[in-house]
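Asker: Fold the following.
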Amino acid sequence: MRIGIVSPYSLTVPGGVQAQVLGLARELRRRGHEARVLGPCDGPPPESFITPLGDSLPLSANGSVAPIAPDPAAALRTLRVLHDEQFDVIHLHEPLAPGPTSTALMVHRAPTVGTFHMAGTSASYRILRPALARLITRIDHKVVVSKDALALVQSHLGGEYEVLFNGVELDDIRSAAPWPDLEGGDPVVFFCGRHEERKGLRVLIEAVQQYSLPVRVWIGSDGPDTEDLTRSTAGDARFEWLGRVTDEEKFSRLRSADVFCAPSLHGESFGVVLIEAMAAGTTVVASALDGYRNVATDDVDSILVEPGDPTALAEALRAIVDDRRLADRLVAAGMQRADQFAMTSLTDRYVEIYQAVTAARAIAG
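Answerer: A predicted model of the protein is given here:
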């Protein structure tokens, strides 16, 4: 089967949607399907099966900055690729986002699957509701990645959706070699996420500094707040700023870290990175957001704390560092929980959907 998977977000920028798109494509290709990924790229494509559609432009959305390509040049490239490739089915992630996915949705002829990731609020859904509600009727099978994403899109646009949680490439994570040179020293807390207000990195820094936690903190990725936050830790040897890291390095560091910390404040529809940490055997400390509760359960496979509370976060981190039995219990439960989100299982269901929509279209003529 020839499958075109379209991302609205730059595939050279780390992100949850991009990770799902690439992971799904890799698993489909392992099974012999001719899967290609279409999307913006700011630089060389990170995989050989990617067709780049041009550079991205930063757009503020949902408390973050989305690297999308809404320009006419990207639209023309999208049209050309869809015409040349003649995919059996098109899979659009965030199908209503400006750029390649919405372009494909408006002009497609092939059977179409749409996966909605966004949760929280959406000004575009509210303002453009009549037009978008008509547009999504062109999607043959609609999927949401969480009950929070379902609440957002269904409340504004209506329709029927299947809930399919995001998947994780468990084998890649568990086969990663632990990050070297960690003999002795203080426990390591790992943060990896965009440096912006909603990800809560400032809360983690305050928790470590105000309560003098005896830990090392690895800080991955970057963002608009990087410079300011780096200054706030100047002279504090506990903090190591890594910049952007590859998936391979992230998995390797997860295998070695004592704690993965996700102190986000809002806007999370699903906690893929929490699953990755659990799969790697790392203890998870995260904010008690609805999106994260899709994955994690407090005092079962993680510790969840009130968002934006450095005191509560510090207490949780100290509990993990001081109580090895607690950490081991959470890790064991987390490993079992991660097994429920295997990318192989998610791909099984998507293949069934692809086959169903192509068969239905063939019957309809």
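Asker: Run through the helices of the stretch 101-250 of the chain in chain order.
Answerer: Along the stretch 101-250 of the chain, counting by DSSP state H, counting those that start in this stretch, helices occupy 123-127, 129-135, 147-157, 170-174, 201-210, 226-232, 247-256.
Asker: Just the residues contacting the first one, thanks.
Answerer: If I follow you right, that is helix 123-127. 96, 132, 152-153, 156-157 (Cβ atoms under 8 Å, 6 or more residues apart in numbering). Quick note: C-beta positions are derived from backbone N, CA and C, even for glycine.
Asker: Can you point out the buried residues in it?
Answerer: Neighbour-count burial for helix 123-127, counted by 16 or more other Cβ atoms under 10 Å, picks out Tyr125.
Asker: circling back to that earlier point, for the helices of the stretch 101-250 of the chain, which one sits closest to Val6?
Answerer: helix 129-135 (14.7 Å; Cβ to Cβ).
Asker: so what secondary structure elements neighbour the closest one?
Answerer: For helix 129-135, the elements it packs on are helix 100-107, helix 147-157, judged by 3 or more Cβ pairs under 8 Å, 6 or more residues apart in numbering; DSSP states H and E.
Asker: tell me which residues in the last one are buried?
Answerer: Taking 16+ other Cβ under 10 Å as the basis for neighbour counts, the residues of helix 147-157 that come out buried are 147-150, 152-153, 156-157.
Asker: Please state the offset of stretch 124-140 from the chain centre?
Answerer: 24 Å (Cα atoms, centre = their mean, to the nearest Å).
Asker: Tell me the buried residues in it?
Answerer: 125, 132, 135-136, 139-140.
Asker: how about stretch 173-186 as CSV, C-alpha atoms only?
Answerer: This file holds the C-alpha atoms of stretch 173-186, laid out as CSV (Å, rounded to 0.1, in the frame of the first residue of the first chain):
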residue,chain,number,x,y,z
ILE,A,173,14.3,3.1,23.5
ARG,A,174,15.2,-0.1,25.4
SER,A,175,18.1,-1.0,23.1
ALA,A,176,19.7,2.4,23.5
ALA,A,177,23.1,2.3,25.3
PRO,A,178,23.0,4.2,28.6
TRP,A,179,24.8,7.6,28.4
PRO,A,180,28.4,7.1,29.5
ASP,A,181,30.5,8.6,32.3
LEU,A,182,28.0,8.7,35.1
GLU,A,183,30.0,6.8,37.7
GLY,A,184,29.3,8.3,41.1
GLY,A,185,28.1,11.8,41.6
ASP,A,186,24.7,13.2,42.4
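Asker: The helix or strand bottoming out on mean pLDDT in the chain pairs with which strands?
Answerer: The weakest-scoring helix or strand in the chain, judged by mean pLDDT, DSSP states H and E, is strand 57-61 (a mean of 77). Applying DSSP bridges, strand 57-61 is found paired with strand 64-68 (antiparallel).
Asker: so for the partner strand, what's the average pLDDT?
Answerer: For strand 64-68, mean pLDDT is 83.
Asker: Tell me what angle that strand forms with helix 100-107.
Answerer: Here the directions of strand 64-68 and helix 100-107 differ by 60 degrees (axes from the mean of the first three to the mean of the last three Cα atoms, to 10 degrees).
Asker: got the contact list for the helix or strand following strand 64-68?
Answerer: Sequence-wise, the next helix or strand downstream of strand 64-68 (DSSP states H and E) is helix 72-85. Helix 72-85 has contacts (Cβ under 8 Å, 6+ apart) with 2, 4, 6, 36, 38, 40, 51, 53-54, 90, 99-100, 103-104, 107-108, 110.
Asker: List the buried residues in helix 72-85.
Answerer: Neighbour-count burial for helix 72-85 [16+ other Cβ under 10 Å]: 74-75, 77-78, 81-82, 85.
Asker: chain center to it, what's the gap?
Answerer: 26 Å.
Asker: tell me what the longest helix seen in the chain is packed against?
Answerer: Criterion DSSP state H: the longest helix present in the chain is helix 343-364. Applying 3+ Cβ pairs under 8 Å, 6+ apart, one finds that helix 343-364 contacts helix 16-30, strand 89-93, strand 112-116, strand 141-144.
Asker: Determine which stretch of these is the most buried.
Answerer: strand 89-93 (a mean of 27; mean count of other Cβ atoms under 10 Å).
Asker: centre of the chain versus that one, how much separation?
Answerer: Distance, centroid of strand 89-93 to centroid of chain: 17 Å (Cα atoms, centre = their mean).
Asker: Can you give the strand pairings for that strand, parallel or anti for each?
Answerer: In the sheet, strand 89-93 lines up with strand 2-6 (parallel), strand 112-116 (parallel) (DSSP bridges).
Asker: The last one versus helix 16-30: what angle between them?
Answerer: So that's strand 112-116. 140 degrees.
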